[in-house]
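K.L.:
From the sequence below, what's the structure:
(2 chains)
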Amino acid sequence: MAEPVGIAIEGVSKSFGTLQALVGIDIGVKAGEFLSLIGPSGCGKTTLLKSIAGLNPIDAGRIVIGGRTVSGPGGHEASLVFQDFALLPWATVRENAEFGLLLRGVPPSERAEAARKALHKVGLAGSFEQAYPAQLSGGMQQRVGLARALAVNPQVLLMDEPFASIDEQTRRILQDDLLRMWQEERKTVVLVTHSMEEAIYLSDRVVVLSPRPGRVHKVLDVPLPRPRQALDVRASGDFARLVDELWQILKKMQ
Amino acid sequence: MKIAALRGASVLAFLALWQWAAWVPVSFNFPTPWATFLALADLLRSGALLQATATSLQSLALGFGAAVLIGVPLGLVMGVVRGVGRVARIYLDLLIALPTAALIPLVILSFGISIASSAVIVFVFSAPFITMNAYGGVRDARPRLIEMARAFGATWGRLFTRVIVPSAMPMILAGMRLGLSRAFLGLIVAELLLSPFGLGKLIMNSRSMFEHDKMFATVAWTLILSGAALYALARIEGRVLRWRA
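P.N.:
Residues are numbered from 1 along each chain as shown, chains lettered A, B, ... in the order given. This next block holds a predicted model:
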């Protein structure tokens, strides 16, 4: 298994025309860390995530994943998980899970093997493999999106509000499954979310971005014990206090 | 069940209306449905109809085949290369908006009176629609899927074959269906107006001999042919796009 790597975001600025989306962003993500980006809409959290993925060229500063400076999309260190899943509607679950490998020119037998493993990890092994995305619930579709991201065996998972369009019960199950996978796989995760509970529950640290232009407003440590899915952390007073602390930070920013 | 009954009733109503039109009669020598059916059987038995069909289908296959083989790639290129799309669109819009039949004299002048010129007319009738749909299909590709593929490091070729073409496939197939119905239209127009071959010739000959039952039978046969071809294409479409269910 690939060793986790850190991400250095140094002095990153980005504007779209006259709109300044990000200004002087400095964040160091440690290897194996689970870090969340949160902030009001328009704070540039998704822009920053896409810049880490190399999809958004930045105007100033640099982003280094492991030892490699990001210069464009397609780096093998990181995989993206999308809010709307971004599954190919014409491809089966297995074909979708294999798609990242196919795009990288991995031969079919290897693809099938990696996809099967990844689908197993996300709990979709067996009968679902030949189904089409439209036949699956949102939660299951996102499992496929996650399997596709894991199949290429990245060191970093970049997640753009992955559970935002999934119902609450399913979301909690997916969050627990994600924590379990993260602990087993030891990957670095950067998660964009607008849910305070989600950010606190999952993360080691939460970075709060302020809007227009997007800047790092505050970094909140989350010293809750792990494994949180097993310890019922959601029910603890510390969890509630941290969520409230995050809420106070966000509220004052309005 | 209810739909099937309604459909059956509509066919009966149509036949009744036709029968009534022959009784009145609406015009001189207007054939009844039964007379038309007998004429159709006769034409099939004599082999005249099948021979005409073979000739016509040759033009159709040639013209429609060329329309697909040229129209689909052209539409894809138009969708991918912006400049080409912007320029070629103007000509396509013209071809779609203008009465294509007006081009027939020009085609005769260029290709003479032959099966080939029927095929050219078929092509002119169907290709613009096939091209336009392929173009629209590419433009409708979800940007998110393209972004996803780029994030996974897709080369341009793989992005095109694995994301853009499959995205455009529903529109391409719909365009082919539209193009096929236009191809039949072009075929009959061409054979009636310019190159006396195949089914069009049979229709014209029956008319000039006042064999209106044969004329009607040939027209009905043409409708059956185009209906069957469109149905077959729709079946293929359903198979290719089974993921949409």
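
K.L.:
So residue A:82 sits against residue B:152, correct?
P.N.:
No - in this structure residue A:82 lies outside contact range of residue B:152 using C-beta atoms under 8 Å: 11.6 Å. All C-beta spots, glycine's among them, are computed from the backbone N, C-alpha and C.

K.L.:
the more surrounded of these two?
P.N.:
Neighbour count, other C-beta atoms under 10 Å in any protein chain shown: between residue A:82 and residue B:152, residue B:152 has more, with 25 against 21.

K.L.:
Name the spans of the chain whose pLDDT lies under the cut-off.
P.N.:
Chain wasn't specified; assuming chain A. For chain A, the stretches with pLDDT under 70 are A:1-2.

K.L.:
Correction: the question concerned chain B.
P.N.:
Within chain B, the segments meeting pLDDT under 70 span B:245.

K.L.:
give me the residue from chain B nearest chain A.
P.N.:
Per C-beta to the nearest C-beta, residue B:153 is where chain B lies closest to chain A, at 2.5 Å.

K.L.:
mind listing what that residue touches?
P.N.:
Contacts for residue B:153 (C-beta atoms under 8 Å, 6 or more residues apart in numbering or on different chains) come out as A:73, A:74, A:75, A:76, A:103, A:104.

K.L.:
These in helices, which ones?
P.N.:
Counted as lying in helices by DSSP state H, out of the contacts of residue B:153, are residue A:103.

K.L.:
of the contacts of residue B:153, closest to residue B:122?
P.N.:
Relative to residue B:122, the closest of those is residue A:103; by C-beta to C-beta it sits at 39.5 Å.

K.L.:
okay, now that closest one: neighbour count?
P.N.:
Residues near residue A:103, counting by other C-beta under 10 Å, number 22.

K.L.:
Skip the chain neighbours and tell me the closest residue to residue B:117.
P.N.:
Closest residue in space to residue B:117, ignoring its immediate chain neighbours: residue B:111 at 3.9 Å, by C-beta to C-beta, 6 or more residues apart in numbering or on different chains.

K.L.:
and stretch B:166-174, how far from the chain's centre?
P.N.:
Distance of stretch B:166-174 from its chain centroid, counting by C-alpha atoms, centre = their mean, to the nearest Å, is 17 Å.

K.L.:
does it come close to chain A?
P.N.:
Yes - counting by C-beta under 8 Å from any C-beta of the partner chain, chain A is contacted by stretch B:166-174 at B:166, B:169.

K.L.:
can you list contacts of that stretch?
P.N.:
The set of residues that contact stretch B:166-174 without belonging to it, under C-beta under 8 Å, 6+ apart, is A:88, A:90-91, B:72, B:75-76, B:79, B:130, B:133-134, B:136-138, B:140-142, B:145, B:233, B:236-237, B:240-241, B:244.

K.L.:
Grab the nearest non-local neighbour of residue B:134.
P.N.:
Counting by C-beta to C-beta, 6+ apart, residue B:134 lies nearest to residue B:75, which is 2.6 Å off, once chain neighbours are set aside.

K.L.:
in what helix or strand does that neighbour lie?
P.N.:
Assessed by DSSP states H and E, residue B:75 sits inside helix B:48-80.

K.L.:
Quick one: name the residues of chain A near chain B.
P.N.:
Within chain A, the residues that sit near chain B (C-beta under 8 Å from any C-beta) are A:53-55, A:73-76, A:79-80, A:82, A:84, A:86, A:88-91, A:99-100, A:102-104, A:132, A:134, A:152.

K.L.:
Give me the buried entries from the residues you listed.
P.N.:
A:53-55, A:73-76, A:79-80, A:82, A:84, A:86, A:88-91, A:99-100, A:102-104, A:132, A:152 (16 or more other C-beta atoms under 10 Å in any protein chain shown).

K.L.:
So which residues of chain B form strands?
P.N.:
For chain B, no strands are identified by DSSP state E.

K.L.:
interface residues of it facing chain A?
P.N.:
So chain B meets chain A at B:144-145, B:147-155, B:158, B:162-163, B:166, B:169, B:241, B:243-245 (C-beta under 8 Å from any C-beta).

K.L.:
and residue A:90, that's in a strand?
P.N.:
No - applying DSSP: H, G, I helix; E, B strand; the rest coil, one finds residue A:90 to be coil, outside a strand.

K.L.:
which residues sit in contact with it?
P.N.:
When contacts are counted by C-beta under 8 Å, 6+ apart, residue A:90 is found next to A:132, B:166, B:169, B:241, B:243.

K.L.:
mind putting the residues you listed in a markdown table, distance to residue A:29 included?
P.N.:
Formatted as a markdown table, those follow (distance: C-beta to C-beta, whole Å):
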| residue | distance to residue A:29 |
| --- | --- |
| A:132 | 36 |
| B:166 | 35 |
| B:169 | 40 |
| B:241 | 42 |
| B:243 | 38 |
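
K.L.:
Among those, name the ones in helices.
P.N.:
Among the contacts of residue A:90, the members falling in helices (DSSP H) are B:166, B:169.

K.L.:
Kindly indicate which of the contacts of residue A:90 lies nearest residue B:23.
P.N.:
Closest approach to residue B:23 among these (C-beta to C-beta): residue B:241, at 46.3 Å.

K.L.:
how much space between the closest one and residue B:170?
P.N.:
Using C-beta to C-beta, to the nearest Å, residue B:241 is found at 6 Å from residue B:170.

K.L.:
same question, residue A:3
P.N.:
Taken as C-beta to C-beta, the span from residue A:3 to residue B:170 is 44 Å.

K.L.:
likewise residue A:207?
P.N.:
From residue A:207 to residue B:170 the distance is 42 Å (C-beta to C-beta).

K.L.:
Between these two, point out the one with more neighbours.
P.N.:
residue A:207 (23 against 19).

K.L.:
next one: stretch A:164-184 to chain centre, how far?
P.N.:
12 Å.

K.L.:
before we move on, back to that, between residue B:241 and residue B:170, which contacts overlap?
P.N.:
Joint contacts of residue B:241 and residue B:170 (C-beta under 8 Å, 6+ apart) do not exist.

K.L.:
count of residues packed around the residue nearest to residue B:133 when sequence neighbours are not counted?
P.N.:
Spatially, and ignoring its direct neighbours in sequence, residue B:133 is nearest to residue B:175 (2.5 Å; C-beta to C-beta, 6+ apart). Using other C-beta under 10 Å, residue B:175 has 27 other residues around it.

K.L.:
got a list of what residue B:175 touches?
P.N.:
B:71, B:72, B:75, B:129, B:130, B:131, B:132, B:133, B:134, B:137.

K.L.:
surely the fourth one meets residue B:182?
P.N.:
Read it as residue B:129. Yes - assessed by C-beta under 8 Å, residue B:129 is found in contact with residue B:182 at 5.8 Å.
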